[in-house]
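Trainee: Quick one, fold the following:
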Amino acid sequence: MGFLADISQNKIIDVLTDIVSNKCSITERSMLQVDFEKDSPLDFNLALNEMTVLKSDNSSMIKINVYINGELLNNYWADGLIIATPTGSTAYSLSVGGPILTPGSENFVITPIAPHNLTIRPIVVPDHKEIKLEVSGRGTHFLTSLDSRSVNMAFSNSIFVKKAQYKLKTILPAGHSFFNTLRNKLLWGIDKRN
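Mentor: Numbers count the residues shown, from 1 in each chain. This is a model prediction of the structure:
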């Protein structure tokens, strides 16, 4: 829905003028760092939005054991699982029923994709915790992605997710409001019947 690209075309000149005039503020967005127990199949292991594991070989669900700082959170039977930053909470995670996190919150959201058990729900966890994923299933591989980069992974390769030490700096135009963006993008408060 373009939450990071929320400047309308008719405001571009005004915003560029504000940038040149130093009338904008800078905000930092947290990122994910994803490491693998065995060799990393990715050249770049950081993600702004989310990391996802998905079934790939057949139509069977995969099992994802999730640990938070070494303690078992849950054994998910699902089509996949998303771990999203606050920035990513308004992307893939939101589209499968995950909550919206405000940009400054220091949390991750773990959102299952089509879980087998209907009592399974997304959960918000502090971003200073490390998340470990162990994936298994009937096939030999699963798909993992960081933002738009995807690779096939062997089931024997565990994944470790934590907050990256780097942050992405973004420019906020004067008068920008995340809540105003939510209302506009999601059409909150608009009832076409009136």
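Trainee: how about the strands in this protein?
Mentor: 25-36, 46-47, 50-55, 62-68, 71-78, 80-84, 107-113, 123-126, 131-136, 141-146, 149-154, 159-172 (DSSP state E).
Trainee: I'd like to know which of the ones you listed lies nearest to T181.
Mentor: strand 159-172 (10.6 Å; C-beta to C-beta). Just so you know, the C-beta spots here come from the backbone N, C-alpha and C atoms, and that holds for glycine as well.
Trainee: Contacts for that closest one, please.
Mentor: Contacts with strand 159-172, where a contact means C-beta atoms under 8 Å, 6 or more residues apart in numbering, come from 4, 19, 24-37, 46, 48, 51, 53, 83, 87, 108, 127-133, 135, 144, 153.
Trainee: Bridge partners for S145, pull those for me.
Mentor: According to DSSP bridges, the partner residues bridging S145 are T52, S150.
Trainee: give the contact list for it.
Mentor: By C-beta under 8 Å, 6+ apart, S145 lies in contact with 51-52, 54, 151.
Trainee: How about M61?
Mentor: 55, 77-79, 114, 116, 137.
Trainee: and those residues, which two are the farthest apart?
Mentor: Farthest pair in these (C-beta to C-beta) is A114 and G137. Separation: 13.9 Å.
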